[in-house]
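Undergrad: task: produce atomic coordinates for the following.
(chains A and B)
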Amino acid sequence: GAGVSQSPSNKVTEKGKDVELRCDPISGHTALYWYRQSLGQGLEFLIYFQGNSAPDKSGLPSDRFSAERTGGSVSTLTIQRTQQEDSAVYLCASSPRGLLSGEQYFGPGTRLTVT
Amino acid sequence: GQNIDQPTEMTATEGAIVQINCTYQTSGFNGLFWYQQHAGEAPTFLSYNVLDGLEEKGRFSSFLSRSKGYSYLLLKELQMKDSASYLCAVREMGAAGNKLTFGGGTRVLVKP
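TA: This next block holds a predicted model:
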C-alpha cells in the first residue's frame, strides 16, 4: 500500500519568505510526527499529533514554526520568515496508534534550502 | 529530558560483525528503537526492545539492559548494502504519547 508522502521533495527559498511543507500519512494512522534533520545529524523532534488530542509542540524551535493537521489526516508544517539555519531535511512519520505502537513509518522528506 | 549517545562512525569489513552501542538517560523509559537510514533516504525501522534481553531478526539483533541504560545493535555477515547510518531512539513514558528522541546516528562503512 501507499506509504507516507511528502511534498515538495525539494524547496529553495529566500531568507525571510514563508514556506509550507505537506505530509500525507498512511491511511488509518492516527499519529503523525514532524522531525528535522540537519546534514550528518540525528533527527530532531518538532511536533506530534495524536487523533483529536492537543498536539505536542514541545520540539518547535521558535514561534516561526507551526503545524496543523486537518481532519486527522494531512498535515502542513509552516515556517514563517525563514532563516538560513532552517535549512534541513524535514521528515514526517506516522504510526497506527499513539500510545501503544512504536514503529514509525517515515516519508521521503522535504529538503529545504534557505538562501 | 533525555540524553542518547552512540558512536559517530564505525568501519567494518564485508562478512564481519559490527556492534553499535547506544547509551541513554531518561526519566521514564518506554522502549528503544533502532532505525537504518541510507544516505539521502528516510529512516526505516529495524528493531524494538522494551524488555531486557536480545531480539534477533535475521542478520540483525538488538539487545537492551534497562538497568544500565544500554542497548546495542549487532549486524552479522556484513554486506556492502549495510553501509548506512544507524539511529538509536528512545520512547519516553508520559502523557505526551509516543514521541521518540533520536541519537545522532552511527555511520557504518562496510569495506570489501
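Undergrad: contacts for stretch A:17-29, please.
TA: By CB atoms under 8 Å, 6 or more residues apart in numbering or on different chains, the list of residues contacting stretch A:17-29 from outside reads A:1-8, A:11, A:13, A:32, A:34, A:73-82, A:90, A:92, A:94-96, A:105, A:107, A:110, A:112. All C-beta spots, glycine's among them, are computed from the backbone N, C-alpha and C.
Undergrad: distance across that stretch, terminal residue to terminal residue?
TA: End-to-end span of stretch A:17-29 (CA to CA, to the nearest Å): 32 Å.
Undergrad: of all the residues in that stretch, which ones are buried?
TA: Across stretch A:17-29, burial judged by 16 or more other CB atoms under 10 Å in any protein chain shown covers A:19, A:21, A:23-26, A:29.
Undergrad: residues from chain A in reach of chain B?
TA: Within chain A, the residues that sit near chain B (CB under 8 Å from any CB of the partner chain) are A:31, A:33, A:35, A:41-45, A:48, A:50, A:53, A:56, A:58-59, A:91, A:95, A:97-99, A:101-109.
Undergrad: quick check: ChimeraX command selecting the buried ones in the residues you listed.
TA: In ChimeraX, this line selects whichever of these come out buried by 16+ other CB under 10 Å:
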select /A:31,33,35,42,43,44,45,48,50,56,59,91,95,98,102,104,105,106,107,108,109
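Undergrad: and chain A, is the lowest-mean-pLDDT helix or strand in chain B touching that?
TA: One helix or strand of chain B scores below all others by mean pLDDT, DSSP states H and E: strand B:100-102, with a mean of 87. Yes - using CB under 8 Å from any CB, strand B:100-102 reaches chain A at B:100-102.
Undergrad: disregarding residues adjacent in the polypeptide, which is nearest to the residue positioned nearest the centre of chain A?
TA: Note on chain A: the residue nearest the mean C-alpha position is A:W34, at 3.1 Å, using CA atoms, centre = their mean. With CB to CB, 6 or more residues apart in numbering or on different chains as the criterion, A:W34 has its nearest non-adjacent residue at 4.2 Å, and that residue is A:L46.
Undergrad: many thanks, have a good one.
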